[in-house]
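Asks: 3D model of this:
(chains A and B)
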2 protein chains.
Amino acid sequence: MADDDHLIEQRLASTTVLQGHFLHAVRDTVSLPNGGQATREYIIHPGAVMVIPMLDDGQLVMERQYRHPMGRVMVEFPAGKLDPQEDILACARRELLEETGYRAAQWARAGVLHPVISYSTEFIEVWFARGLTVGQRQLDDEEFLDVFTATPQQVLDWCRDGTITDAKTLIGALWLQNVLNGSWSIEWQHLSA
Amino acid sequence: MADDDHLIEQRLASTTVLQGHFLHAVRDTVSLPNGGQATREYIIHPGAVMVIPMLDDGQLVMERQYRHPMGRVMVEFPAGKLDPQEDILACARRELLEETGYRAAQWARAGVLHPVISYSTEFIEVWFARGLTVGQRQLDDEEFLDVFTATPQQVLDWCRDGTITDAKTLIGALWLQNVLNGSWSIEWQHLSA
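Replies: Numbers count the residues shown, from 1 in each chain, chains lettered A, B, ... in the order given. As a prediction, this is how the structure comes out:
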């Protein structure tokens, strides 16, 4: 928008500062709205998708997973990174199957979130899944996680009492609360088997 | 918990892989629950605080700020990083004043969120503020942002329609919705002037 000119920065130069096994970081030089210059460092991320899987009895499929930067086990909705050129719904189906063993007949996109707008390009697409059937999960060699089920009320209680602090899962609860109480609508897609 | 042994990783070694102007990243070697080894790379972050400032008329104080990794202006609640050894409430008061010019007579802690549990140690404390009085803001040299007000209903509408995608702000909306409808309680502290 033209009236955002007093806020917008322009990239003047960009250099890779970390090409790790997992993290890719760049340092950009930008021009500021006042004509000055500054540096901005951030992670380049391919994006990810989170799934809110709803069983026929109303319970939700969730995970407990050790997260090394946190130094503890976290309660989360299933999620994972996009593979190169991977379609978002394909990624959602793949991650749900790999991590939990569930397949879903119906999918609905809720929205998108940006976990760290100051230092990562990451986005996370939020999807609901229902019509679930359980099979065999297919974890990566370096992946260890427990799958369990919880009611929406339990999830909301855990968001309030600090049991859940993972940002994407808290935002899943915001969507869940408003979809279940009818305030926010989502459109279900029926997949062919 | 003892029954989490099948999930927990142990750090074997740690090395700094990036000491940038802003980002500090490490690579840890960890032992996996199955006895194997893996590397984990993540950002070391001092933590931050977000404020949900409520005016006497029920409106909320919000910001519009250009975020370079996103390449666009984002709608957010006020927030900022902890200075070394800074108390969390002191940081909340400082950031609210610097970014918006407001001081608050009453504060209530809501909870904490972790924006990226897979690759950053960052936490964000979530606080409510009320009893607001406006003064002069004190932006950093490299900081450019607009301050505006919105109703809780507008904020929730923007979470639904994709106007707000910033994770901390979406989680602020989850707290706001549940505090305002009486489902979640917070305890107000009255500060002396």
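Asks: counting neighbours, what do you get for A:Gly71?
Replies: Neighbour count of A:Gly71, defined by other C-beta atoms under 10 Å in any protein chain shown: 11. All C-beta atoms are positioned from the backbone trio N, CA, C, and that covers glycine.
Asks: where do the strands sit along chain A?
Replies: Using DSSP state E, the strands found in chain A span residues A:10-19, A:24-31, A:37-43, A:48-53, A:60-67, A:72-76, A:79-81, A:102-113, A:124-134, A:145-150, A:189-190.
Asks: looking at the ones you listed, which is nearest to B:Gly36?
Replies: Minimum separation from B:Gly36 across those (C-beta to C-beta) falls at strand A:60-67, 13.9 Å.
Asks: residues in contact with the closest one: which ones?
Replies: A:52-55, A:72-78, A:99-100, A:102, A:132, A:144-152, A:155, A:176, B:4, B:7-9, B:33, B:117-118 (C-beta atoms under 8 Å, 6 or more residues apart in numbering or on different chains).
Asks: could you list the buried residues of that strand?
Replies: A:Leu60, A:Val61, A:Met62, A:Glu63, A:Gln65, A:Tyr66, A:Arg67 (16 or more other C-beta atoms under 10 Å in any protein chain shown).
Asks: and stretch A:110-117, by the same measure?
Replies: Result for stretch A:110-117 [16+ other C-beta under 10 Å]: buried residues A:Ala110, A:Gly111, A:Leu113, A:His114, A:Pro115, A:Val116, A:Ile117.
Asks: from these, pick the one nearest A:Asp140.
Replies: A:Pro115 (21.3 Å).
Asks: contacting residues for that closest one?
Replies: By C-beta under 8 Å, 6+ apart, the neighbours of A:Pro115 are A:Glu122, A:Ile124, A:Ala167, A:Lys168, B:Pro115, B:Val116, B:Ala167.
Asks: just put the residues you listed in a markdown table and tack on distance to B:Ala92.
Replies: Compiled in a markdown table, the contacts of A:Pro115 are given as follows (distance: C-beta to C-beta, whole Å):
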| residue | distance to B:Ala92 |
| --- | --- |
| A:Glu122 | 25 |
| A:Ile124 | 26 |
| A:Ala167 | 18 |
| A:Lys168 | 24 |
| B:Pro115 | 17 |
| B:Val116 | 21 |
| B:Ala167 | 18 |
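Asks: off-centre distance for stretch A:83-103?
Replies: Here the centre of stretch A:83-103 is set off from its chain's centre by 12 Å, with C-alpha atoms, centre = their mean, to the nearest Å.
Asks: the spatially most central residue of chain A bridge partners, please.
Replies: For chain A, A:Ile124 is the residue whose C-alpha lies nearest the centre (C-alpha atoms, centre = their mean; 3.6 Å). Beta-bridge partners recorded for A:Ile124 (DSSP bridges): A:Ala48, A:Leu113.
Asks: that one touches A:Pro78, doesn't it?
Replies: No: using C-beta atoms under 8 Å, A:Ile124 is not in contact with A:Pro78, being 11.8 Å away.
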